[in-house]
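**Student:** With the sequence up front, the predicted model follows.
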Amino acid sequence: MTIQWFPGHMAKARREVTEKLKLVDIIFELVDARIPISSSNPMLKEIIQQKPRLILLNKADIADRQLTEKWIAHYAKQGLTALAVNSQAGKGMNQIIKASEEVLKEKRLRDKAKGLRPRAIKAMIIGIPNVGKSTLINRLAKRNIAKTGNMPGVTKAQQWIKVGKELELLDTPGILWPKFEDPETGYKLALTGAIKDTLLNMQDIAEFGLEFLSSHYPGRLIDQYKIAELPTDLLSLFNVIAVSMGHLTNENEPDYEKTAEKIVRDIRLQKFGNLSLDDPESVEI
Ligand SMILES: Nc1nc2c(ncn2[C@@H]2O[C@H](COP(=O)(O)OP(=O)(O)OP(=O)(O)O)[C@@H](O)[C@H]2O)c(=O)[nH]1
């Protein structure tokens, strides 16, 4: 199942998030550590207004560690706190509570000065489909609350979950749409499994992936497909991989469809190791 983000659906998603915003002190903006910008919502700031936000770079276990550090430093320069987390393994969960307290420190001091009793921080998770919202909720709750799956758009229910004494989390995340502005973002979302393949042309996705790998990780490309030397043009590279992998048609021509599927699958299965496709130095922010 894929959410088709028609204007009506976007307006509804926005309304739902705006409603829930009133209930919480802080937003946990969940993004994919491999594509922090491409997996963010283009209107988040406008939607949440002044609400404090903690950025969680999820799936950090399969992202390029150096780039994740670069992203954290990049956000810090903007006065934003970002944490690398791995919701699947439950790594970084304690830091989430500590960082929330830090982000809300001044507000909590002001509340104290007003004589208000300290209470648990109320939070909600917001993110695009398939970024790991349900997995994170289940990890923080230490039990299965929400439905998870490797398909965008499968989250339901609504209640508060106690996470220790300090945090209460809405059990239903806010789901917002990804960016659609440029084809590059689409390819990155497809390569990380955030959107369905059928929304884009498989050969275009593979081509983008190959171009990215040849410029950023040529050694891994050579090793994975046992290529002697990287051709400089993409068509020759496609041909070399097709031959090397034995993806040929009955006429012994390169089978572009099969080869493209193989390349995309291999990227998603981390056959090239940990990859991050957004770099704060090259992505337009
Ligand atoms: N490697 C890795 N995979 C993760 C992590 N967190 C979630 N996943 C996987 O990502 C996929 C999507 O996770 P979900 O929790 O269903 O994502 P969601 O954001 O709730 O998705 P929707 O319900 O579609 O909005 C699942 O296959 C998870 O196992 C993580 O930290 N690391």
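**Tutor:** Yep, that arrived.
**Student:** Wondering if stretch 183-195 reaches the ligand at all.
**Tutor:** No - using Cβ under 6 Å from any ligand atom, stretch 183-195 stays clear of the ligand, with a minimum separation of 7.5 Å. (C-beta placed from N, C-alpha, C; glycine too.)
**Student:** Any chance you could list what contacts that stretch?
**Tutor:** 2, 32, 34-35, 38-39, 128-131, 150, 152, 178-180, 196-197, 199-200, 204-205, 208-209, 264, 267-268, 277-278 (Cβ atoms under 8 Å, 6 or more residues apart in numbering).
**Student:** ChimeraX command to pick out the buried ones of the residues you listed?
**Tutor:** Of those, the buried ones go into a single ChimeraX selection, burial set by 16 or more other Cβ atoms under 10 Å:
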select :32,34,35,38,39,128,129,130,131,152,178,179,196,200,205,208,209,264,267,277,278
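**Student:** Which ones among the contacts of stretch 183-195 map onto helices?
**Tutor:** 204-205, 208-209, 264, 267-268 (DSSP state H).
**Student:** hmm, what's the outermost residue in this protein?
**Tutor:** Distance from the C-alpha centroid of the chain peaks at E251, with 41.0 Å (Cα atoms, centre = their mean).
**Student:** how close does that one get to A206?
**Tutor:** 21 Å (Cβ to Cβ, to the nearest Å).
**Student:** do Y225 as well
**Tutor:** From Y225 across to A206, the span is 12 Å (Cβ to Cβ).
**Student:** which one of those two has more residues nearby?
**Tutor:** A206 (27 against 23; other Cβ atoms under 10 Å).
**Student:** At which residues are the helices of the stretch 51-200 of the chain located?
**Tutor:** Assigned by DSSP state H, counting those that start in this stretch, the helices in the stretch 51-200 of the chain fall at 65-77, 93-103, 105-113, 133-141, 183-191.
**Student:** So which of those helices is nearest V240?
**Tutor:** When the helices of the stretch 51-200 of the chain are compared by Cβ to Cβ, helix 183-191 sits nearest V240, at 20.4 Å.
**Student:** Show me the contact partners of stretch 85-92.
**Tutor:** 56-61, 83-84, 93, 95-96, 132, 135-136, 139.
**Student:** now with 10 Å?
**Tutor:** With contact meaning Cβ atoms under 10 Å, 6 or more residues apart in numbering, stretch 85-92 is reached by 28, 30, 33, 56-63, 83-84, 93, 95-96, 99, 125, 131-140, 142, 148.
**Student:** May I ask which helix or strand encompasses the residue lying closest to G127 once chain neighbours are set aside?
**Tutor:** Distance criterion Cβ to Cβ, 6 or more residues apart in numbering; nearest residue to G127, sequence neighbours excluded, is L30 at 3.6 Å. Assigned by DSSP states H and E, L30 falls within strand 26-32.
**Student:** starting at the chain centroid, how far to the helix or strand that that strand is followed by?
**Tutor:** The first helix or strand that comes after strand 26-32 along the chain, using DSSP H and E, is helix 44-48. In terms of Cα atoms, centre = their mean, to the nearest Å, the centre of helix 44-48 is set 18 Å apart from its chain centre.
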